[in-house]
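**Q** Need coordinates for the below:
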Amino acid sequence: MHTLLIVDDEKATRDALRMALEESFDCYLAADLTQAKQVLKTGEIDLLLTDLRLGGDSGMEVLDAALAGPSPPVSIMMTAYGSVDTAVEAMRRGAWHFVTKPLNLDEVELLLKRAVRSRSLEKKNEELIAENETLKKKSGSQNHGLSRLIGKSAPMALIAEKIIQIAPTRATVLIEGESGTGKELVAHALHDLSGRSKEKFVAVNCAALSPQLLESELFGHEKGAFTGATQRRVGRFEQAHGGTLFLDEIGEIDQSTQVKLLRALSERTIERVGSNQPVQIDVRIVTATNKHLADLVEAGDFREDLYFRLNVLSVRMPPLRDRREDIVLLAGSFLEEFALENRRSVKPLSDAAIAKLLSYSWPGNVRELRTAIEHAVVMSNQDTLDIFHLPEFLDSSRSQTVSHSEKNTLAPVEEFNLHAQEQRAILGALAVTKGNRTKAAILLGISRRTLQRKLRKVSPTEN
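**A** Numbering: from 1, shown residues only. I've put the predicted structure just below:
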């Protein structure tokens with residue numbers, strides 16, 4: 001059971017929180033800064049829930065003491081005063097979240113459980129990253145395994161954990177997700193961490209070829225099989241023998257090719273176009289699509305038996321808007337890449353530029369972010385990449401908006417909370433602008449009136 005330190009100068013509040021939470025957490029109580037420090041010295045506290053005002057003490061001092069330790073707890077600030085400036089300051093100091101009084105005990109318990117889950121996933125991802133670095137050093141590869149996947153967010157920690165688990169198997173893998181989320185990077189990671197890593201990784205974009213060309217591309221053809229076939233051609237299945245074949249945009253293949261692909265998966269043999277001689281293949285199949293194959297099956301556009309063959313194991317890549325914690329990390333990686341490519345020094349992003357990146361909805365996902373950073377690197381003529389170096393599309397109405405279709409693809413509440421992410425974006429913008437609401441509204445791409453309305457949701461006592 002996780003340990004929770006509750007700090008509040010009102011005994012009735014401490015007791016009420018303990019009674020509500022003691023079935024889920026091992027609760028410790030403190031009435032002031034001195035008592036809180038004594039408990040924190042034990043080093044066994046996983047979570048901290050502290051009031052802002054503690055008589056003559058401040059919850060900020062408790063927060064500072066908690067975060068100064070060798071194993072800081074996940075910290076949440078409570079306040080009855082609803083001050084946005086206070087919330088900004090608490091999160092700037094390292095608080096994970098804040099809640100306003102009067103408290104909804106069910107919501108507090110849910111928030112604490114989310115905090116535990118978030119910390120657990122962060123630690124797991126750190127372990128996976130360390131494990132991957134070890135594998136990379138042993139292999140001597142600069143692009144090995146999980147090093148291709150940049151991110152420390154909870155969704156990416158889950159992805160990394162799943163990749164580690166399924167990579168060594170032979171089973172086919174279906175990777176689903178919106179365009180630009182990094183599906184091919186997952187396919188590479190699966191190959192790199194498998195027993196086939198010393199063999200070829202062969203990729204085919206199924207949407208880029210006509211049905212006849214795709215069939216020839218996959219299975220090869222004999223001389224004279226069709227007009228223009230002047231010699232035998234070995235297909236991608238044979239090229240990938242012993243390794244991994246990655247079929248991107250698998251939802252685009254026609255019914256005839258679907259039948260032949262199903263046979264290849266079932267019998268582990270292929271026939272070149274123009275031949276009836278079977279060729280044995282040993283290939284691990286990984287496919288990807290930005291469509292929902294189950295919907296295509298229901299519509300009759302994709303064979304159900306092939307769908308089940310491809311979907312033995314699945315990975316769903318989250319859109320960038322569901323892992324905003326990774327935006328700055330990704331941007332930093334792209335800055336280094338494009339600075340090197342364009343023979344320029346690596347320049348840091350300004351606070352205003354970071355706030356702009358965090359407030360945008362990224363409909364094009366990581367690919368769109370990559371484009372934005374390349375634009376900024378090329379256009380910058382200063383020591384810092386500022387907001388005016390970013391492309392104009394970041395000023396569109398898509399800033400911090402979510403369409404109806406996007407809402408339908410959001411992760412479960414324990415993995416992603418839209419309201420919480422909006423709060424963080426607002427508080428981050430206010431922190432960057434030092435509380436200037438007009439500037440914060442500009443950074444967020446919304447009107448000052450809209451910001452005022454959203455602030456009332458964040459802190460109901462704001463006026």
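**Q** Contacts only, for the residue of the chain most remote from its centre.
**A** Distance from the centre of the chain peaks at residue 224, with 48.8 Å (Cα atoms, centre = their mean). Contact analysis of residue 224 by Cβ atoms under 8 Å, 6 or more residues apart in numbering lists residue 274. Heads up, the C-betas are built off the backbone N, CA and C, glycines and all.
**Q** any idea how far it is from residue 231?
**A** Computed as Cβ to Cβ, to the nearest Å, the residue 224 to residue 231 distance reads 9 Å.
**Q** And residue 97, by the same measure?
**A** Distance from residue 97 to residue 231, counting by Cβ to Cβ: 65 Å.
**Q** With residue 386 instead?
**A** Using Cβ to Cβ, one gets 57 Å for the distance from residue 386 to residue 231.
**Q** between the two, who's got more neighbours?
**A** Taking neighbours as other Cβ atoms under 10 Å, residue 386 and residue 231 compare with residue 386 leading, 17 against 8.
**Q** Does that one touch residue 351 like I think?
**A** No - using Cβ atoms under 8 Å, residue 386 makes no contact with residue 351, being 9.5 Å away.
**Q** which ones are touching residue 54?
**A** Taking Cβ under 8 Å, 6+ apart, one finds 7, 8, 9, 31, 32, 33, 62 in contact with residue 54.
**Q** give me that answer again for 10 Å
**A** Residue 54 makes contact with 7-10, 30-33, 35-36, 60-62, according to Cβ atoms under 10 Å, 6 or more residues apart in numbering.
**Q** and it, what are its phi and psi?
**A** Per-residue torsions, residue 54: phi -130, psi 60 (degrees, to the nearest 10).
**Q** swap in residue 42?
**A** phi -70, psi -20.
**Q** and if you look at the one 10 residues further on?
**A** Its backbone dihedrals place residue 52 at phi -70, psi -50, with angles given as degrees, to the nearest 10.
**Q** Which among the contacts of residue 54 count as buried?
**A** 7, 8, 9, 30, 31, 32, 33, 35, 36, 60, 62 (16 or more other Cβ atoms under 10 Å).
**Q** Could you dump these into CSV with distance to residue 426 and secondary structure added?
**A** Output for these, formatted as CSV (distance: Cβ to Cβ, whole Å; DSSP: H, G, I helix; E, B strand; the rest coil):
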residue, distance to residue 426, secondary structure
7, 26, strand
8, 26, coil
9, 29, coil
30, 31, strand
31, 32, coil
32, 31, coil
33, 29, helix
35, 33, helix
36, 29, helix
60, 20, helix
62, 25, helix
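**Q** which one of the residues you listed is nearest residue 16?
**A** residue 8 (9.4 Å; Cβ to Cβ).
**Q** pLDDT averaged over the strand or helix carrying residue 353 - what is it?
**A** Using DSSP states H and E, residue 353 sits in helix 351-359. Mean per-residue pLDDT for helix 351-359: 84.
**Q** Alpha carbons only: can I get that helix in PDB?
**A** Output in PDB follows, covering the C-alpha atoms of helix 351-359 (Å, rounded to 0.1, in the frame of the first residue of the first chain):
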ATOM      1  CA  ASP A 351       9.700  30.300 -22.900                       C
ATOM      2  CA  ALA A 352       7.200  31.900 -25.200                       C
ATOM      3  CA  ALA A 353       8.000  29.400 -28.000                       C
ATOM      4  CA  ILE A 354       7.700  26.500 -25.600                       C
ATOM      5  CA  ALA A 355       4.300  27.800 -24.400                       C
ATOM      6  CA  LYS A 356       3.200  28.000 -28.000                       C
ATOM      7  CA  LEU A 357       4.200  24.400 -28.700                       C
ATOM      8  CA  LEU A 358       2.400  23.200 -25.600                       C
ATOM      9  CA  SER A 359      -0.800  25.100 -26.500                       C
END
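**Q** which residues touch residue 186?
**A** Contact analysis of residue 186 by Cβ under 10 Å, 6+ apart lists 146, 148-149, 159-160, 162-163, 167, 173, 175, 177, 246, 286, 288, 315-317.
**Q** give me every residue that touches residue 277.
**A** Residue 277 sits next to 222, 269, 271 when contact means Cβ under 10 Å, 6+ apart.
**Q** If you could redo that for residue 368, that was the one I meant.
**A** 179, 180, 320, 360, 361, 362, 391, 393, 394.
**Q** for residue 371, same thing?
**A** Per Cβ under 10 Å, 6+ apart, neighbours of residue 371: 180, 334, 364, 391, 393.
**Q** List buried residues within those.
**A** Buried, going by 16+ other Cβ under 10 Å: 180, 334, 364, out of these.
**Q** how many neighbours does residue 435 have?
**A** With other Cβ under 10 Å as criterion, residue 435 counts 13.
**Q** Helix, strand or coil: sort out it for me.
**A** For residue 435, the assignment made with DSSP: H, G, I helix; E, B strand; the rest coil gives coil.
**Q** and the gap between it and residue 89?
**A** Distance from residue 435 to residue 89, by Cβ to Cβ: 10 Å.
**Q** got it, and residue 324?
**A** Residue 324 is 21 Å from residue 89, where distance means Cβ to Cβ.
**Q** what's the answer for residue 156, then?
**A** As judged by Cβ to Cβ, residue 156 and residue 89 stand 29 Å apart.
**Q** same check, this time on residue 43
**A** 26 Å.
**Q** Of the two, give the one with the bigger neighbour count.
**A** More crowded of residue 43 and residue 89, by other Cβ under 10 Å: residue 89, with 18 against 10.
**Q** what helix or strand is that one on?
**A** Per DSSP H and E: residue 89 is located in helix 84-93.
**Q** Just the mean pLDDT for that helix, thanks.
**A** Averaged across helix 84-93, pLDDT comes to 74.
**Q** List the buried residues in it.
**A** 84, 86, 87, 88, 89, 90, 91.
**Q** Beyond it, next helix or strand please.
**A** In N-to-C order, the element after helix 84-93 by DSSP H and E is strand 97-100.
**Q** How far away from the center of its chain is that following strand?
**A** For strand 97-100, the separation from the chain centroid amounts to 24 Å (computed by Cα atoms, centre = their mean, to the nearest Å).
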